[in-house]
Every structure is written in structure tokens, then in C-alpha cells.
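Enquirer: I would like to see how this sequence folds:
(2 chains)
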There are 2 protein chains.
Amino acid sequence: MLSELIKGIRTQSRSSVSQAISLIENQGVEAAELLSGIHPFTGKAYRIGITGPPGAGKSSITDQLISHYRSEEKTVAVVAVDPSSPFSGGAVLGDRIRMTNHFSDKGVFVRSMATRGSQGGLSVKTQEAGDIFDAAGFDIVLFETVGVGQIELDVIRAADSVVVVLVPESGDEVQMLKAGLMEIGNIFAINKADRPGANKLMITLQNILSTLPHDAETWIPKVVHTVATEGKGINQLSTLIDEHRQFSNAMGITCEKQDDRYKSKVMELVTAKLLDSFWKEESSVELDGEIAKEFTQRKSPYDLVQQLMK
Amino acid sequence: MLSELIKGIRTQSRSSVSQAISLIENQGVEAAELLSGIHPFTGKAYRIGITGPPGAGKSSITDQLISHYRSEEKTVAVVAVDPSSPFSGGAVLGDRIRMTNHFSDKGVFVRSMATRGSQGGLSVKTQEAGDIFDAAGFDIVLFETVGVGQIELDVIRAADSVVVVLVPESGDEVQMLKAGLMEIGNIFAINKADRPGANKLMITLQNILSTLPHDAETWIPKVVHTVATEGKGINQLSTLIDEHRQFSNAMGITCEKQDDRYKSKVMELVTAKLLDSFWKEESSVELDGEIAKEFTQRKSPYDLVQQLMK
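Expert: From the prediction side, this is the model:
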């Protein structure tokens, strides 16, 4: 029963939350009803995105942030997005490790979602998982992605605050991709900062940041050194996240983000429904008929579409 | 005039080909007419995808393959897809370098297309650029991507033969992502094979490949050592590409790929048109009106969509 499930989510029952996320992963009518049912209870959790190149230590940073927020009595849910690409590497086993660290803690919930095979729908599904955690009363939802593709960037852009995790060796990448990095990151953590080059990267980043407009309406991204495996710099990192949160609240940016998520969701649903009703038997048969012809004898895709739309 | 432009493309005029690609990059009605107009002249070029992690030497491999095909009097066009992600690195300057090597050669055309900002439409646009090169009579179209995101994978999957470029140090990634790699690669080039570990990676790959079904209908991906900067292994690589091409032709796989590209194109166009006609003023105003309300007072996205669809 759906009302039972929603009740379970509202009381933070682990099995209800699990079941609800599986439901949205499989989509279907029930998922829609569930998400409609929990809508009034959402909008309270703070959403933090954590991204960076493979091997930068995102899992360790996430792990440490969980411990930090738990020490403040906040409950934390993690949506770990597994890589969509055969080259993105890392992170695949990350959440199993985190799971062990916080396994017995009822205030922590880790769920991983794979991008593989989910053509485009993933950024919506991760948001929906976030909505379930939100309705379940989790204070913080962390979205962790390896940050290498469009899907992962969509996931991250939907977060309220974004932490980009780098390593001292990331200097060249940073130089090459200034604009892109500045666009998505609110806080930069130079992790493994006990290795050579950490100060140099800090200076490089700050030089780039100094070119941003320094007015009261613009958040200037902050940079921090961390050694996540030893817990170093985590307090400072979480303080910077808090500062960004307060700034965004004050400037109305948090509300804008919420509106954007709402809007994206509506648009995604409209697209899915329009396609569903268009690709009924008749159109599919017509397309198959055209494909059955010799390639050069076919109508051009443009002409065929014009005919299908009539 | 469109007919003039098509005539220019058919005579491989560089300025016409350039202009045509700019036209499809900007989309619009003229692009649709152009692509309809050239459709009967397409379907002849062979499409080769080249992908791999940043720094593996894809640009050098591409460069050497161009020289190889030119020595066989074949004309070659390259569609280089620039990274969509701030972390993918590499390749950004690649095509400028290649441009210099083949600058004065009329039988070579290099065009790069950026994924940044093109939400999803890119894999279609690269195919359309391929269609223009195809209609212009280029024998080979190379699609080069840094292969880290969904968009790049879509670009690569549409190719007739796919070369995955690795380096001796790629062993861990290969182990971790067996299935994904085997799924997209038809030929694996272990580039920079003069560095330690090249033989070990070769054995690792062959072990993985030995688990594939060895029947007459399945192409067993091949592995080759290359040192692209010195031209080593390029003949062998191109021989393997030829073998895969012959195999795919014989098994009907090349035709299937062509059908898939046609079908994807039709579906993409239908989606674009449906969305265009749905998001007229009335629906947009209704969505904006809902967003103007307090978050918890809004209809859930699911309920709003149901209302919009009426």
C-alpha cells in the first residue's frame, strides 16, 4: 500500500526508504504516485554535490563529511552515482567502503545508482532519491559523482552547494578548464594536500578566482587544503559549506535551485509522456517500413518525420 | 541558395563543407532542408570511432591513420569531439596540431565540435557532420572523442568500427571495467607500447577476450601495440580495422549500424518537434504560475504534468 510506504518513509524506516528508491529506479505508475504523495514533505533537506576527477579522494571526503555532520546530530543520506563510462574509473567500490564505516549508524543512509544503461533519466532519478531522503527527514543529502560526463554534471548542478575535490597534481587540468570549473564549484578542496604542489595549486586557483567580479551578489568560490584520510581540513571544509549555504539562502539562490529542480522535473515528465503517446503502433510500423527499404531509397529522416507528424 | 550549397558539397568544396557544418551547428530550418537534400548521396563513407582515456594518444593515432589512408589515396574527414566535462582534459588542442600536419592536403578535412552547452544534441550533430562529409565523398570519417561521458559514448557507438586507445598504465581501469570496454571496442590499441607494462596489458586484455563466445557470428576484439608518435604499429592497426570492416559487412552489422543511425535521427527529430509544439505560451505560463507559489503549496510535478497534458 502506497500510504503505508509513505508512512514508513516519514518515520525514516530503512526498509521503506530502500523500497521507495527501488520503486523509482524501476519507474512505473506507482513511482509517480509515490513522488506525488511525498511532495508536500520535501523541500527541507540541504543538498550538497561532491565531484572531481577519479582518484581525488571524493569517497574519503564524503566519509569525513558524514562523520562531521553526525557529530552535529544531523542525519545524512548519500546518493553515490557510479560511473557511466568505461574510462572514468574510481568510486565503483566507494560506497561499500563507506557503508562499512557507518554501517550501524541509523542516521546515515548510502545508496548508489549506476549511470550505465540509464540514458539521460539518471539526473532525474537521483533527484527523486534525494526527494525520498528529504521526505524521510534527512538533514543533508550528499550527491557524489565522478564528474566526468554530462549526466554527472546535471546531477551536480542540481545541488545547493558543490564541492570540487582536486589533488595537487590537478594543476594542468585546472589551467586548461578554468571556466568550467569555476562554473560548477562553490568550494574547492585540494585533497592529499600533504603531497608536493598543494600550495602551488592553491595559488593557481586563487589567481583564477581573483578575476571573478567581486561584488556583493557573487559568491567567490573558496579553496581549502584537506587530507581526508587523516581527517585534516574537514572542519574548515564544512565551515565553508555552511558559509556558502548562508550566502545562498540570503541571496535567494537556494530557492532558485529548488525552482530549477521543480522545473526540470516537469519538463522531463512532459517529454516522457509526449513520446509515450506519439510512439504508438502506427508510427512505429511506419518507421520500421521505411527502414526496411534500401538506404538511398528511404525518405530523408527529416521528410519521414514531417510525414509521421501529420 | 541551398542547391548551390549541395552542389558545392558534392564537389568537395571546402568552403561549402565548412558552411554546411556551421549551418547544422546552428540548427534551424535550413539545416533540415540541407540534410534532406544530401540524404540520397550519403551511406557510402566508412565511419571509425576513436576513443580512450585522456592522454592515451588518440590525436597521434588519428594523425597516423590519416596519413595511412591518404597513402592509399583515400580521403579522410575527422570529427573531433571536444570534452564536455571540466575534468576530461586532453584533446582540446588536438585538432589544431593535426590541422598543421595535413594543412595543405585537400583530401583531409578536420572539424572539431564542442560538447559544452550542447545538452544531448551533440551525438546527432556529429552524425550530421558525418553525413555532410559522406555526401562530399570522403571515404573515411573518423570520430575522435575523449570518451568519458554519455554523449561521447553515443557518438562512438554510432561508428562502424571502434578503436579504443589505451596506454600500458591502463591495466587497473581495464580490470575494473571489463564489460564496458568489451562492449564498445572492436580493436584495442595499446599505445606508447615502448613503456613498461605493454605486454602485461596485452595479456590482461586477451584473458578478458578469451571469455567471449568464440562463434562465427561474434567479432572477437583484437589487440595491437602501437607507438603512434613514431608510426609504429599503424599498419597493423589499419589492417585490423579492415578486418573488422569486412567482418561487419559480411555479417550485416554495417547495415544494422546504418539503420540504427537513421532510426536515432528520426526519434531525435520527433522529440524536438513534439516539445516545440507542446511548450507554447499557455503551458509555459501555467508552469511559471505554479513555480511562483510557495514550494510546499505547489502541485507535485506529477500532478502538474497531468493537468498540463489535458
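
Enquirer: so what's A:Glu256 up against?
Expert: By CB atoms under 8 Å, 6 or more residues apart in numbering or on different chains, no residues touch A:Glu256. C-beta here means a position set from N, CA and C on the backbone, and glycine is covered the same way.

Enquirer: and the closest residue to A:Asp105 other than its chain neighbours, how close does it get to A:Lys106?
Expert: Nearest non-adjacent residue to A:Asp105, counting by CB to CB, 6 or more residues apart in numbering or on different chains: A:Arg70, 6.6 Å away. Plainly put, A:Arg70 is 11 Å away from A:Lys106 if you go by CB to CB, to the nearest Å.

Enquirer: how about A:Thr126?
Expert: Taken as CB to CB, the span from A:Thr126 to A:Lys106 is 23 Å.

Enquirer: so between these two, which is more surrounded?
Expert: It is A:Thr126, of A:Thr126 and A:Lys106, that has more neighbours when counted by other CB atoms under 10 Å in any protein chain shown, with 28 against 9.

Enquirer: sorry, back to before: pull the number of nearby residues for the residue nearest to A:Asp105.
Expert: 16.

Enquirer: A:Asp194 now?
Expert: Going by other CB under 10 Å, the residues that sit close to A:Asp194 add up to 13.

Enquirer: and the one helix or strand A:Ile208 maps to, how far from the chain's centre?
Expert: Using DSSP states H and E, A:Ile208 maps to helix A:198-209. Counting by CA atoms, centre = their mean, to the nearest Å, helix A:198-209 is centred 26 Å from the centre of its parent chain.

Enquirer: close to chain B, is that helix?
Expert: No. Helix A:198-209 lies apart from chain B when judged by CB under 8 Å from any CB of the partner chain; the minimum separation is 12.2 Å.

Enquirer: residues touching the very next helix or strand once past that helix, excluding its own?
Expert: Later in the chain than helix A:198-209, the nearest helix or strand by DSSP H and E is strand A:222-225. Identification of contacts with strand A:222-225 by CB under 8 Å, 6+ apart yields A:186-190, A:193, A:198, A:202, A:205-206, A:209, A:232-233, A:236-237, A:240, A:243-244.

Enquirer: same thing with stretch A:3-18?
Expert: Residues contacting stretch A:3-18 (CB under 8 Å, 6+ apart): A:19-20, A:23, A:34, A:37-38, A:41, A:75, A:106, A:109, A:111, A:132-133, A:135-138.

Enquirer: the strands in the stretch 1-150 of chain A, which residues?
Expert: A:46-51, A:76-82, A:108-114, A:140-145 (DSSP state E, counting those that start in this stretch).

Enquirer: let's see which of the contacts of strand A:222-225 end up in helices.
Expert: A:Ala198, A:Met202, A:Leu205, A:Gln206, A:Leu209, A:Gln236, A:Leu237, A:Leu240, A:Glu243, A:His244 (DSSP state H).

Enquirer: skipping its backbone neighbours, what lies nearest the fourth one in space?
Expert: Spelled out, that is A:Gln206. In space, and not counting its chain neighbours, A:Gln206 is closest to A:Val223: 6.3 Å by CB to CB, 6+ apart.

Enquirer: one step back: can you list the ones in helices among the contacts of strand A:222-225 in TSV and add neighbour count?
Expert: Output for these, formatted as TSV (neighbours: other CB atoms under 10 Å in any protein chain shown):
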residue	neighbour count
A:Ala198	19
A:Met202	18
A:Leu205	24
A:Gln206	14
A:Leu209	17
A:Gln236	15
A:Leu237	25
A:Leu240	21
A:Glu243	15
A:His244	22
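
Enquirer: out of the residues you listed, which comes closest to B:Val167?
Expert: A:Ala198 (26.4 Å; CB to CB).

Enquirer: isn't the closest one right up against A:Ile190?
Expert: Yes. Checked against CB atoms under 8 Å, the pair A:Ala198 and A:Ile190 is within contact range at 5.3 Å.

Enquirer: give the residues shared as contacts by these two.
Expert: By CB under 8 Å, 6+ apart, A:Ala198 and A:Ile190 have these common neighbours: A:Pro168, A:His225.

Enquirer: how many residues are close by the closest residue to A:Thr229 other than its chain neighbours?
Expert: Leaving aside its sequence neighbours, A:Thr229 sits nearest to A:Ser60 (CB to CB, 6+ apart; 5.4 Å). Using other CB under 10 Å, A:Ser60 has 22 other residues around it.

Enquirer: where's the spatially most central residue of chain A, which helix or strand?
Expert: Geometric centre of chain A, nearest residue: A:Val155, 3.1 Å, by CA atoms, centre = their mean. Assigned by DSSP H and E, A:Val155 belongs to helix A:150-157.

Enquirer: what's the following helix or strand after that helix?
Expert: Heading C-terminal from helix A:150-157 (DSSP H and E), you reach strand A:161-166.

Enquirer: any idea of the angle that following strand forms with helix A:198-209?
Expert: 130 degrees (axes from the mean of the first three to the mean of the last three CA atoms, to 10 degrees).

Enquirer: and strand A:161-166, which strands flank it?
Expert: As defined by DSSP bridges, the strand partners of strand A:161-166 come to strand A:46-51 (parallel), strand A:187-190 (parallel).

Enquirer: among these, which comes closest to B:Asn101?
Expert: Among the strands paired with strand A:161-166, strand A:46-51 sits nearest to B:Asn101 (CB to CB), with 35.6 Å.
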